[in-house]
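Peer 1: I'll drop the sequence and a predicted model, then ask my questions.
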Amino acid sequence: MSDAAGNAMLRVEDVSAGYDGFQALFGVSLEVNAGESVAVIGPNGAGKTTLLRAISKLIGVTGGDIAMEGRSLKSVPAHEVIGYGIAQVPENRRLFPRLTVAENLKMGGFLPSARARHDERLAYVYSLFPRMKERSGQLAGTLSGGEQQMCAIGRALMSGPKLLLLDEPSAGLAPVVVQSIFEMVKRICAEGYTVLIVEQNIRQVLKVVDRAYLLETGRIKQSGPSAQLLASDEIRKAYLGI
Ligand SMILES: Nc1ncnc2c1ncn2[C@@H]1O[C@H](COP(=O)(O)OP(=O)(O)O)[C@@H](O)[C@H]1O
Ligand SMILES: [Mg+2]
C-alpha cells in the first residue's frame, strides 16, 4: 500500500467485496485519521454493513486492501482483528440476552491483555454510562433498545480499542432515543476514540461527526467535512427531503 496520503489510522483502498457472486462494494476507498469521527452514510442496501464486515474480516475482499496503522489486514483472521485495536458494534447489537449487563461487558474484554485491565475498564465504562452500572445485574435481553445499544458500545470499549466501528446504532429506536444515542456517540468522540460509524440517519449523524462519505450501491459518491455534505444539494434533495 502506498503511504503517499499520510499515516491514516485506518485506510481502505480500492476495496471490492461481496457474497457468492454478488458484488456489494466496488473499489471503495476511505481513510480515518487518529482522533477523527467519520461516517459512511447511505441508503438501505448501499453496502455499509458489508464495508464494516470487510474491515472486521468477517468477509474477505476480492480486490484492494485494508490497513490499520500501516499494517495490512489481508492475512489477519477475524478473531485477531481486535488485537489490532479495532472493535465493532454490530448491527442489531448482538448482545447475549440471557447474560447480565456485567457479563456482556466482560465478554468484550476477553483478550489476555484486556483481562488484566478488566476492573479498570469496567469502572471506566460505568463512569461513561452510569445507567449500565445501575443495571449491571439485569439480563441484557430485558434492557430497552437504547440501553442495549449502550451495553453493546460499552462491551466494545472493554477491549480498549483505538478504533470503534458502529453499525447503525440508531436503527430501530424511537426518535427520542435516537437523540440520546447520537449524544452518546458525541461523548465517545470527545473521549478521544477514533470512530467510524455507518448510518442511514444522515441528518443526525452529520451533526455529530467530523467528515463523511456517501456510499450508494457500493460506490463512494461524495465525501467531505460534515458541514459540506449537509449543505450539498444532492444530499439535501435525495436524503434530507429539502
Ligand atoms: N449475506 C448476504 N448474502 C448475500 N447478499 C447480501 C448479504 N448481506 C448483504 N447482501 C447484499 O449486499 C448489499 C449490501 O448490503 P449491506 O451491506 O447490508 O447494506 P447496508 O448495510 O448499507 O444496508 C445488498 O444488496 C444486500 O442485499
Ligand atoms: Mg446495514
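Peer 2: Nice, I can see it. Ligands and ions are numbered 1, 2, ... in the order given.
Peer 1: who touches residue 213 in this structure?
Peer 2: 30, 38-41, 220, 222-223 (Cβ atoms under 8 Å, 6 or more residues apart in numbering). In short, each C-beta sits where N, CA and C put it, glycine included.
Peer 1: nope, residue 155 is what I meant
Peer 2: Here residue 155 is in contact with 89, 95, 104-105, 107-108 (Cβ under 8 Å, 6+ apart).
Peer 1: which of those residues lies closest to residue 211?
Peer 2: Using Cβ to Cβ, residue 89 comes nearest to residue 211 of the contacts of residue 155, at 19.7 Å.
Peer 1: neighbours around the residue of the chain found nearest ligand 2, how many?
Peer 2: At 3.2 Å from ligand 2, residue 49 is the closest residue in the chain, using Cβ to the ion. Residues within reach of residue 49, counting by other Cβ atoms under 10 Å, total 18.
Peer 1: kindly state the pLDDT recorded for it?
Peer 2: pLDDT, residue 49: 97.
Peer 1: tell me how far it lies from residue 86.
Peer 2: 15 Å (Cβ to Cβ, to the nearest Å).
Peer 1: could you check stretch 172-179 against ligand 2 for contacts?
Peer 2: No - judged by Cβ under 5 Å from the ion, stretch 172-179 makes no contact with ligand 2; its nearest approach is 11.5 Å.
Peer 1: ok, residues contacting that stretch?
Peer 2: With Cβ under 8 Å, 6+ apart as the criterion, stretch 172-179 contacts 92, 144-146, 149, 170, 181, 201, 204.
Peer 1: so which of the residues you listed is surrounded by the most neighbours?
Peer 2: residue 149 leads those on contacts (other Cβ under 10 Å) with 28 neighbours.
Peer 1: can you pull the contacts of that residue?
Peer 2: 89, 93, 169, 173, 181, 184.
Peer 1: repeat the analysis, applying 10 Å as the threshold.
Peer 2: 89, 92-93, 95, 143, 166, 168-173, 177-178, 180-181, 184-185 (Cβ atoms under 10 Å, 6 or more residues apart in numbering).
Peer 1: give the next helix or strand downstream of the helix ranked longest in the chain.
Peer 2: Across the chain, the helix with the greatest residue count (assigned by DSSP state H) is helix 175-190. Downstream of helix 175-190, the next assigned helix or strand under DSSP states H and E is strand 194-199.
Peer 1: who does that following strand pair up with?
Peer 2: strand 37-41 (parallel), strand 163-167 (parallel) (DSSP bridges).
Peer 1: mind checking how far the closest residue to residue 36 other than its chain neighbours is from residue 144?
Peer 2: Once flanking residues are discounted, residue 36 sits nearest to residue 210: 5.2 Å by Cβ to Cβ, 6 or more residues apart in numbering. Computed as Cβ to Cβ, the residue 210 to residue 144 distance reads 29 Å.
Peer 1: contacting residues around the lowest-mean-pLDDT helix or strand in the chain?
Peer 2: Lowest by mean pLDDT, DSSP states H and E among the helices and strands of the chain is helix 112-115, with a mean of 74. For helix 112-115, contacts defined as Cβ under 10 Å, 6+ apart pick out 82-83, 106, 108-109, 121, 158-161.
Peer 1: done for today, thanks.
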